[in-house]
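**Q** Output the structure for:
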Amino acid sequence: SWASHEDTGPYHGWVLGYQYSATAAWANPLYVYCDTPNGAAGGIWMSGGAPAFDSSGNLYLITGNGTFDANETSTPNTDFGDSLLQLSSTLSEQQYFTPSDQATDAADDKDFGAGGATVLVDLPSGSPVTHLVMGGGKDGNLYILNRDALGGYDDGSTPVAWQEITGIGGLFATGAYWNDEFYIVTASGSLRNYQLSTSTGMFSLQGTATSPASYGWPGASPSVSSSGTGNGIVWALGDHLYCTAQASGCGPSVLYAYDATNVGTQLYNSSMASADAAGNAVKFTVPTVANGKVYVGTRGNNTGGAESSTSTPGELDVYGLLPSVSASSAVAHHARRRVSAPAAAAPAQSTPIPTHRSKQQGVPQSTSP
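**A** Okay, here's the model as predicted:
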């Protein structure tokens, strides 16, 4: 899915669907969806977030400012600016939700789709609702919706959203969910968690805890690692120094780790020791947890110029426990992988050969990712 680079028009929001093949080229998509086919804009950007999926194969995404006419009785009425959409696996629109302030969002550049959608695990038997999806955007409202009945356009007469939490701050992020807790970082805010009551299907109206660190703009999309329902760690990146003209400066990405049962307890951050410093930040990056490691994509020592302007225009930093010790010993290992781009005038060649450098530094953690 995508939108437009720097809002350069004309554009629409698009989703393409392909069938994976290990041998054939992916030249033509099997399915194509446009969210404003008879209008304009409606970019699907979600601050770099991807569409979310449920167990039935439905996609959930949130669109940005653009034409909205889905509530009109006359056709064509297939334009969905500032809306949360449910698409089938073949990319047909099945149902939608559009907030009552859609027109104001569009007029004031308050994209609903500045944040991404989060699909929650099914609530237990006895809960008043089983399937929830949630998300928000620039206007600072967080919408919790029933995936079985998104509700369409909220005209203000009868509440359509299952729950709405207002005034939390602008969202340029996708939240994470674990053990009935929803974690999110608002723009220029702190990490906070909202607790879900499975008996009511409602979230606490105020975050139950906030992190000691503030993240600057644009906030952060957290990830959670755990051993099943225990030993949860919430990971988030401080990337406000992302080195382009819009940023407040240029500097390293900072990886933070928090106790998932109380995000007011910081377990670690990568600025605690110089040996753990990551490469320079990239806006909207998400810490990726896999194989017992946390992976952080950075721009290396690039400061915002062309690839050839620095020696390391891209870098993947990998954080994890030392293989020779247990998680309880609270020692971690930081390995950095560098990938350098070839000079533009160099002869044609394959992928540049990466080099590796490993570092060691104590990192308090409750468990490996």
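**Q** Listing request: residues of the stretch 251-369 of the chain with sub-threshold pLDDT.
**A** Per-residue confidence for the stretch 251-369 of the chain (pLDDT under 70) gives these ranges: 322-369.
**Q** Which stretches in it count as strands?
**A** When assigned using DSSP state E, counting those that start in this stretch, the strands of the stretch 251-369 of the chain occupy the ranges 254-259, 262-269, 288-290, 293-298, 314-321, 332-339, 355-361.
**Q** and the residue nearest the centre of the chain, what does it touch?
**A** Geometric centre of the chain, nearest residue: Thr174, 3.5 Å, by CA atoms, centre = their mean. Listed by CB atoms under 8 Å, 6 or more residues apart in numbering, the contact set of Thr174 reads Met46, Ser47, Gly49, Ala52, Gly115, Gly116, Ala117, Thr118, Gly135, Ser221, Val286. For the C-beta atoms, the positions are set from N, CA and C on the backbone; glycine is no exception.
**Q** what about 7 Å?
**A** Residues in contact with Thr174, defined by CB atoms under 7 Å, 6 or more residues apart in numbering, are Met46, Gly49, Gly115, Gly116, Thr118, Ser221.
**Q** What subset of those residues is buried?
**A** Met46, Gly49, Gly115, Gly116, Thr118, Ser221 (16 or more other CB atoms under 10 Å).
**Q** Where strands are concerned, which of those count?
**A** Secondary-structure check on the buried ones among the contacts of Thr174 using DSSP state E: residues within strands are Thr118.
**Q** Tell me which two in the buried ones among the contacts of Thr174 are the farthest apart.
**A** Met46 and Thr118 (10.8 Å; CB to CB).
**Q** follow-up on the earlier one: can you put the buried ones among the contacts of Thr174 in CSV and add pLDDT?
**A** Putting the buried ones among the contacts of Thr174 into CSV (pLDDT from 0 to 100) gives the following:
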residue, pLDDT
Met46, 97
Gly49, 96
Gly115, 98
Gly116, 98
Thr118, 98
Ser221, 98
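**Q** List just the nearest of the buried ones among the contacts of Thr174 to Gly169.
**A** Taking CB to CB as the measure, Gly169 sits nearest to Gly115 out of these, at 10.9 Å.
**Q** pretty sure that closest one is touching Gly140, no?
**A** No - Gly115 is not in contact with Gly140 according to CB atoms under 7 Å; the separation is 10.3 Å.
**Q** Determine the number of other residues adjacent to the residue nearest to Ser188 when sequence neighbours are not counted.
**A** By the measure of CB to CB, 6 or more residues apart in numbering, the closest residue to Ser188 outside its immediate chain neighbours is Trp217, 5.1 Å from it. Trp217: 17 surrounding residues under other CB atoms under 10 Å.
**Q** pLDDT value on Trp217, please?
**A** Here, the pLDDT recorded for Trp217 equals 96.
**Q** swap in the one 3 residues further on?
**A** According to the predicted model, the pLDDT of Ala220 comes to 98.
**Q** Which of the three states applies to Leu237?
**A** Here Leu237 is recorded as strand under DSSP: H, G, I helix; E, B strand; the rest coil.
**Q** could you pull out the helices for the stretch 1-150 of the chain?
**A** Listed in chain order, the helices of the stretch 1-150 of the chain (DSSP state H, counting those that start in this stretch) span residues 102-107.
**Q** Which parts of it are strands?
**A** Residue ranges of the strands in the stretch 1-150 of the chain, as given by DSSP E, counting those that start in this stretch, are 14-17, 31-34, 52-53, 59-62, 84-87, 93-98, 118-119, 132-136, 142-146.
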